[in-house]
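# Have a look at this fold, sequence not included:
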């Protein structure tokens, strides 16, 4: 028996592990090449190298290469090609290229092996350059060469090169070969998006295997053509006898948009026996999650014997996406307990779940797992972690993490900008700073999401200049015509108090939607221009846009401020007509409208119509009772909130305090103020202090009210105390309050007028005159009185001293007639009495 036969018989024992096999092979090479090896052993040696040797390190490659060099067997081209593939598989391109350049003879396999290695590792341009060298050397490519070269064209997204290669394939008569043809089909789908060209290549092939059929099916599934995908699957099965496999099922799932279709495909997978496949199971779990049917996805997961990381990532992502963060976090823990290594998607979905349910401690634990698995600087995973820290008010930790990311993508930048934008007005400068840093970063530029987020940080008049600069940047970019960004610009101007700027931004939007109209109506309504808001609402309806759950409450709120009950009732009818009767926020606006217009019975009726009232609904009715002096009913409603296990908020306590203030219930007001602070941990704001000062001022407890205000020091509280001092003729506290009010807001006329009236009431005419004179010197003007009426669905507003109304001459004429009639009636009564 020869030495080769002995070696072959030993290697037929498949129970032996791979590492001893490689040691045996290296030992065989060592023994063989130090002895006399006949050339008849070269071919079996090449087969052995190709079939069994899978070197795990460059060192092993070099050992084999060295032995072959010593034996001079490396001169045989097929052995040299095998060693070349060893270096390529180990990623040692330097030695692979060195060996390639030193080979005296290269055949098509040599060139193809080197090109394939470059393509496999993503070096597409180098692969194309090497293909050019191959052609220049006079070597003729075969179908396998063209297959990898076309893949290189796909990698560089170069259709022109791909078309040239296609022409070369036709020239050599290989256009009907399945290897070259499958790559061309893939290229036309991925680069050119040409279904016609892909189908033309596909139909011209001599023989089509299941891989090629699946390439076609995948191409049509990517564009969502379900009917063509089904036709191809049918033809594959009927014409060529290939049953759908796991790849076919996953491609079919990608283009299904209806749950019924997904369930039918699931049934097909069960029939074909591919439902237990990890790839198919993962795809089913993912698709069920996208349809919100997590119970079906969970059943698929439970039925799978083998579960890889992708399956776990899919189920975790599904629960996180569908608002079940607790379940997503628990599944992540189960995954880790089973010894599986989480991937980027599992980490990202779990962190999004932690942010949703607000569990910072769990998020920190996941962060530690990220570091252990080497994802600490990965953008895809770090971005949701930044969001988590920001949501939990750990903005400093979020910023540290952001700075540790080496190669930041636009998502990471947006996450950090959004984190600062959500922290409040005091962090607006940091948000703008990060945005400007992004603008200076090479290779990156703000996208639509960036601009929308940074515009949200401009929320006061002080931020208007920055907002205008961002708006100017938007106008210069290609994003200026996008409706979403236009809507964000309207909101920015509205929050900064620039009503005209908001309207101009609205007119600049080319394609307005319902949100655009809601934004501009809200702009006028929030800034006190209710008449303009009503007018815009009519214009919106005239242009064919429907009222939404956002625009309808704004219009109803405008009616509330104008006390336009008739128009308000019309909007109330829209609530039922458009199906918003179950929307608690729309219902709350209706309750508030009737209360402010003085129709408390209608307000209570609207409240009773709510199927599931929440805190906002109760707040509207409590505020209504407060405005009408029904303190006891307001207090009773507050008790009902607690009985229903609803949590009162700042607005609830403000309404309760206001009700107690109007009724003069001092002790009850102090009780609510204490309850808000101690039981519900709600920090009192300016309005709460103003209400408490008001009730104490009404009761004459001015000194006590004066002691409370320094805790807050807002303008409204001081104005309320000053008004109370006038009622009780307390000049001492009135003087202190007025001076403090003038210090906080020198342009406010109320402090001057109230103190002047107080001095006049006490006969201090000189001090009163001095105050009036000071108002004139610093330019303080009292806001003119106004009134309005609604006539034929038109709101007419009148200001003191303003004669700009278009029907003013007719109005003055009618007033003159009425005045004469009143005077004549009065004189008749005088004569009768005489």
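Yep, that arrived. Note that the coordinates shown come from a computational prediction; the quantities given were computed from them, not determined experimentally.
# C-alpha from now on. contacts and neighbour counts both.
OK.
# Look up the pLDDT of residue 437 for me, please.
We have a pLDDT of 92 for residue 437.
# wait, residue 758
Per the predicted model, pLDDT is 67 at residue 758.
# same deal with residue 384?
For residue 384, the predicted pLDDT is 92.
# wait, isn't it in contact with residue 352?
Yes - with contact defined as C-alpha atoms under 8 Å, residue 384 counts as touching residue 352 (5.8 Å).
# pretty sure residue 787 belongs to a strand, no?
Yes - applying DSSP: H, G, I helix; E, B strand; the rest coil, one finds residue 787 inside a strand.
# For residue 561, see how far away it is.
Using C-alpha to C-alpha, to the nearest Å, we find residue 787 at a distance of 12 Å from residue 561.
# For the two, work out which one has more neighbours and name it.
Between residue 787 and residue 561, counting by other C-alpha atoms under 10 Å, residue 561 is the more crowded of the two (16 against 10).
# any idea which helix or strand comes after the helix or strand where residue 261 lies?
Under the criterion of DSSP states H and E, residue 261 resides in helix 259-272. As assigned by DSSP H and E, the chain's next helix or strand after helix 259-272 is helix 278-290.
# List the buried residues for that following helix?
Neighbour counts over helix 278-290 (16 or more other C-alpha atoms under 10 Å) mark 278-290 as buried.
# and the angle from it to helix 259-272?
In terms of direction (axes from the mean of the first three to the mean of the last three C-alpha atoms, to 10 degrees), helix 278-290 departs from helix 259-272 by 160 degrees.
# what residues does helix 278-290 touch?
If you take C-alpha atoms under 8 Å, 6 or more residues apart in numbering as the criterion, helix 278-290 is touched by 246-247, 249-250, 253-254, 259, 262, 266, 274-275, 294, 296-298, 300-301, 304, 306-308, 310-311, 314-315, 317-319, 321-322.
# Let's see that with 6 Å instead.
Defining contact as C-alpha atoms under 6 Å, 6 or more residues apart in numbering, one finds that helix 278-290 is touched by 246, 250, 297, 311, 314, 318.
# Which of those fall within helices?
246, 250, 297, 311, 314, 318 (DSSP state H).
# Highest neighbour count among the residues you listed?
residue 318 (28 neighbours).
# what about the residue nearest to that residue when sequence neighbours are not counted, distance to residue 216?
Closest residue in space to residue 318, ignoring its immediate chain neighbours: residue 289 at 4.3 Å, by C-alpha to C-alpha, 6 or more residues apart in numbering. Applying C-alpha to C-alpha, the value for residue 289 to residue 216 is 26 Å.
# Of the ones in helices among the contacts of helix 278-290, which pair is most distant in space?
Using C-alpha to C-alpha, the ones in helices among the contacts of helix 278-290 span at most 21.3 Å, a distance reached by 246 and 318.
# show me what contacts residue 705?
693, 696.
# change the start of the numbering to 838 and stick with it
Sure, I'll start numbering at 838, so the last one becomes residue 1542.
# And it, which helix or strand is it part of?
helix 1539-1545.
# what does residue 1634 give?
Using DSSP H and E, residue 1634 falls in strand 1631-1636.
# same deal with residue 1036?
Using DSSP H and E, residue 1036 maps to helix 1032-1040.
# With residue 1662 instead?
Using DSSP H and E, the element containing residue 1662 is helix 1645-1670.
# Repeat that for residue 1273.
Using DSSP H and E, residue 1273 sits within helix 1265-1276.
# Remind me what that helix packs against, helices and strands.
Contacts defined by 3 or more C-alpha pairs under 6 Å, 6 or more residues apart in numbering; DSSP states H and E place helix 1265-1276 against helix 1247-1258.
# which SS class is residue 1318?
Secondary structure assignment for residue 1318 (three-state DSSP): coil.
# Which pLDDT does the model give it?
For residue 1318, pLDDT reads 80.
# Neighbours of it, how many?
15.
# Distance-wise, check it relative to residue 1084.
Where residue 1084 is concerned, residue 1318 sits at a distance of 41 Å (C-alpha to C-alpha).
# What of residue 1452?
For residue 1452, the distance to residue 1084 - C-alpha to C-alpha - is 52 Å.
# Ok, residue 1464 next?
To residue 1084, residue 1464 is 68 Å away according to C-alpha to C-alpha.
# where does the stretch 988-1137 of the chain dip in pLDDT?
For the stretch 988-1137 of the chain, the stretches with pLDDT under 70 are 1029-1030.
# let's go with 80 and repeat that
Applying pLDDT under 80 to the stretch 988-1137 of the chain flags the ranges 1015, 1026-1033, 1035, 1039-1046, 1048-1049, 1056, 1059-1062, 1077, 1093-1094, 1111-1113.
# for the stretch 1488-1637 of the chain, same thing?
1546-1553, 1556, 1559-1560, 1563-1569, 1571-1637.
# which stretches of this structure form strands?
For the chain, strands defined by DSSP state E occupy the ranges 1623-1628, 1631-1636.
# List the buried residues of stretch 1499-1518.
1499-1503, 1505-1507, 1509-1510, 1513.
# measure residue 1542 to residue 1531 for me?
8 Å.
# So what touches the helix holding residue 1036?
Under C-alpha under 6 Å, 6+ apart, the answer for helix 1032-1040 is 1022, 1025.
# Now with 8 Å, please.
By C-alpha under 8 Å, 6+ apart, helix 1032-1040 touches 1012-1013, 1018-1019, 1021-1023, 1025-1026, 1053, 1057.
# Enumerate every residue touching the residue nearest to residue 1327 when sequence neighbours are not counted.
Closest residue to residue 1327 apart from its sequence neighbours, by C-alpha to C-alpha, 6+ apart: residue 1339 at 4.5 Å. Going by C-alpha under 8 Å, 6+ apart, residue 1339 touches 1326-1331, 1357, 1360.
# how about 7 Å then?
1327, 1330-1331, 1357 (C-alpha atoms under 7 Å, 6 or more residues apart in numbering).
# Let me know the closest of these to residue 1521.
For the contacts of residue 1339, the closest approach to residue 1521 (C-alpha to C-alpha) belongs to residue 1331, at 26.4 Å.
# residues contacting the closest one?
1339, 1360.
# One more pass at 10 Å, please.
The neighbours of residue 1331, taking C-alpha atoms under 10 Å, 6 or more residues apart in numbering as the test, are 1295-1298, 1301, 1325, 1337-1340, 1356-1357, 1359-1364.
# now swap in residue 1271 and tell me
1250-1251, 1253-1254, 1257, 1277, 1291.
# Pick out the most distant pair among those.
Pairwise distances across the contacts of residue 1271 peak at 18.8 Å for 1257 and 1277 (criterion: C-alpha to C-alpha).
# more crowded one of those two?
The neighbour comparison of residue 1257 against residue 1277 (other C-alpha under 10 Å) goes to residue 1257, with 28 against 11.
# Need the nearest residue in space to that one, chain neighbours excluded.
Nearest to residue 1257 is residue 1268, by C-alpha to C-alpha, 6+ apart, at 5.1 Å.
# Could you double-check that the one you found sits in contact with residue 1288?
No - Residue 1268 is beyond contact range of residue 1288, at 11.4 Å (criterion: C-alpha atoms under 10 Å).
# joint contacts of these two?
Between them, residue 1268 and residue 1288 share the contacting residues residue 1254, judged by C-alpha under 10 Å, 6+ apart.
# Those two - which one has more neighbours?
residue 1268 (25 against 21).
# ok, that one - contacts?
Per C-alpha under 10 Å, 6+ apart, neighbours of residue 1268: 1253-1260, 1262, 1290-1295.
# And it, how close does it get to residue 1370?
31 Å.
# now do residue 1322
Relative to residue 1370, and taking C-alpha to C-alpha, residue 1322 is found at 22 Å.
# higher neighbour count, these two?
More crowded of residue 1322 and residue 1370, by other C-alpha under 10 Å: residue 1370, with 25 against 22.
# show me what contacts the more buried one?
Applying C-alpha under 10 Å, 6+ apart, the residues near residue 1370 are 1355, 1357-1364, 1376, 1391-1392, 1394-1396.
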